[in-house]
Every structure is written in structure tokens, then in C-alpha cells.
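In: have a look; sequence and predicted model below, questions after that.
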Amino acid sequence: MAYVTRPSIVLPEHEIPTSAIVRDIIDSLPPDPQLPSPAVINRWAVNLKVDTRRFVAPLEVVSRTGTVTGRNNHALPVMYRMATTAACDALDAVGLDRTDVDCVITSHSTTPATPGLDVHLVNELDLRPDVMRMPATQLGCVGGAHALAWAARLVDAMPGLRVLVVIGEALSTVYRRDKNDPAGILYRMLFGDGAGACVVSSDPRNACLEVRGSWQQVVPNTVDSYTLEVEPAGLHFTSEKWAPDGVNHLMGPLWEWLHKTDPYWVPEVVIAHPGGPRILEDATKGLGCAPELLTHSWESLRTRGNLGGVAVLDVLARTAVSAPPHGSRTLVLGIGPGLTGAAVEGRWHNPTTSQEGAE
């Protein structure tokens, strides 16, 4: 059985309110009547339900016209520092020595580098030179859930294995003033930067989630749903108009998997990727659960924006603070480019609540 510890989350120092981004978008729009009006842009901002987020640099730096190399060279060291700090915090929280780590799984899509975050962590944390490494650089928003699914399967196959999961993203690198189509404007207002880390092992101590199964899915013929392209002026993230509806394409296969071992399974704790309001609304409907079960996902979206692969770790950490009842049926669900989905299912692990209830 695999257990997941409460994730450690690290954010950059520069807090950027959505109001400042809206002003920057409107002030930098070229005089073109075909472009969205200020009133439309303000309405989009309200509908996104993101109040603020953190960036690796001040807005005036992030929004400055530059090159993909310049943007990456500025963001990559900050992402590395955030991810390293999150990893250290995650290990310290459970009392693990650096040499206790048997495997490290990493994901970062917005700061391309070779060697990547996995090799950086081996050196910065003084991990064992023979540590198993599983780096991913193309998972995007599904990275956190995908990494947890990988880690759980590894632990189930090799009991005693200690897996360090580390996700880092600097999504502010896709902030482009020259992208003024609806997608280009919306994603400037949606994304945030951050890093998160946790430990997955067969040790229930210090855990918040007991994993009983994992799931991955690729929806055929949806490769254009969300795309991240490298252009001379920077990274370009865009999506098809139907992409926010993507979670509905995953619900059928997800329920088939969930009911395979338990025909009566229903969620009691939901850790859903806060990719945007439409994704969370459709996840609520698709899971047939009370909207309150996604409260922490909505709060993550409101205060931190879409953190990409880090987002589900942030929601998992917030949920741990609220201390759900021990044994609650729990689902962690991620969605990302591809169109892809990943999930882990299990029971909330919080023995103290069951002991308190018995007193």
C-alpha cells in the first residue's frame, strides 16, 4: 500500500493581483477594433475567479518583450530554488535523510533545460548518486496527479521504496503581450508560478492519503486541445475552444475504473485540478458530488491561479489542513494537454480524527 505525505508548497515572492494584469493587458492592446474591448476583458477577468497569484518576477519584467532564451534564463533558477526548497521541506517534515530517498519523480514543462530538475535535485540535495530518476517535461497541468500515480505504482511493486515527488512550474513565462487572441488574454490572467513536493512510500506515518489505485488516460484524437509551443519571443500556450470541456471526455473512463473494484464508490474528499472555473464546474457535475467537496480547489484557483502540475499538490496540502475524517473515500484528479487525465483513489489518512471521535 502506498501512502502520500502532506505536500510542501513554495511560492515566489512577487504577488500579482489580477487587476494589475487587466490594466497591463488593456494598456498594451494595439488600436485594433477586432480585438476584445476593455469591458470584455474585465468581464473575462471576473469570470475566471482568480484574485491574485505569484510570479517569479515583477509584472513589468514578466510582461516585457524578450526572447524565449531570456525568459527561460530568468525563470529557471527561480523554479529550481522553489523546487529544491519544497523538496527539503517535504523530507524534513517526515524526518527523512537525503540518503533515504530511493527514487525522485519530477515534472516541469515551462522551463526547458537539459539536464533537468531531477539531476539538479540530486546535486543540490546530495541524494544518492544511484537514486532512481523519473523526469517528465511534457505533462503540463496533469504533472502532479501523474507523478503521484507513478509513485504509487512503484511503491506497490517495490514495498519499502521511498519516492520523492517534486513539481515546479513558472507559467509566467507564457505571459506574452503580443498574444491578444482570447486564449492569449485569458491565460495571462489565469496562470501562477510555484513548486510542490511530497513523499510517497509504504510508511503510513506522517501520511495524509492512503492510495488504493491509480489511473491514467489519453483521450484519442485530442492532441490539439492544449499546446505549448516554443517561439523566438517566448513560449506560447494556447487551446482549442472546446478544451475547457475536456474533463467531460474523461468522466466515462474514470467512472469505469472507479467502479471496477467498488460498484458503490462515491467521493467524500475531492482533490481536483483547479484549471479554471469550467473545469471545476464540470468535475463537480461529472463526479455527482456536492460543490463543497471542491472548496479547496476553488480557493487554490482564487488565491494562486492555475499552478499547472503543482496545483493538485496545493489542493492536497490545503485539504490536509482541514483534516477530513479518517477513512474518507478520496480522489485526486488531474487533467492536462493531450487531452490526458490522471488520478489516484484511496482513503484519507488521518488516524487522529478517528481516535478523537471514539473518545
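Out: Ah, there it is.
In: contact partners for residue 105?
Out: If you count contacts by Cβ atoms under 8 Å, 6 or more residues apart in numbering, residue 105 has them with 134, 135, 136, 147, 150, 151, 163, 164, 165, 166. For the C-beta atoms, the positions are set from N, CA and C on the backbone; glycine is no exception.
In: could you rerun that using 7 Å?
Out: 134, 147, 150, 151, 163, 165 (Cβ atoms under 7 Å, 6 or more residues apart in numbering).
In: what bridges to it?
Out: residue 134, residue 165 (DSSP bridges).
In: would you mind measuring the gap between the ends of stretch 217-234?
Out: 30 Å (Cα to Cα, to the nearest Å).
In: show me what counts as buried in stretch 148-167.
Out: 148-156, 161-167 (16 or more other Cβ atoms under 10 Å).
In: so which strand or helix has the closest residue to residue 149 other than its chain neighbours?
Out: Spatial nearest neighbour of residue 149, chain neighbours left out: residue 214 (3.7 Å); criterion: Cβ to Cβ, 6 or more residues apart in numbering. For residue 214, the host element (DSSP states H and E) is strand 207-218.
In: each with direction, which strands does that strand pair with?
Out: Strand pairing (DSSP bridges) places strand 207-218 next to strand 2-5 (antiparallel), strand 340-348 (antiparallel).
In: most tightly packed of these?
Out: Highest mean neighbour count among those (mean count of other Cβ atoms under 10 Å): strand 2-5, with a mean of 26.
In: pLDDT score assigned to the residue nearest to residue 277 when sequence neighbours are not counted?
Out: In this structure, residue 277 finds its nearest non-sequential neighbour in residue 49, 5.4 Å apart by Cβ to Cβ, 6+ apart. With respect to pLDDT, residue 49 has a value of 98.
In: so can I have a markdown table of the contacts of residue 105 showing distance to residue 337 and pLDDT?
Out: Below are these laid out as a markdown table (distance: Cβ to Cβ, whole Å; pLDDT from 0 to 100):
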| residue | distance to residue 337 | pLDDT |
| --- | --- | --- |
| 134 | 19 | 97 |
| 147 | 15 | 98 |
| 150 | 17 | 97 |
| 151 | 21 | 98 |
| 163 | 24 | 98 |
| 165 | 20 | 98 |
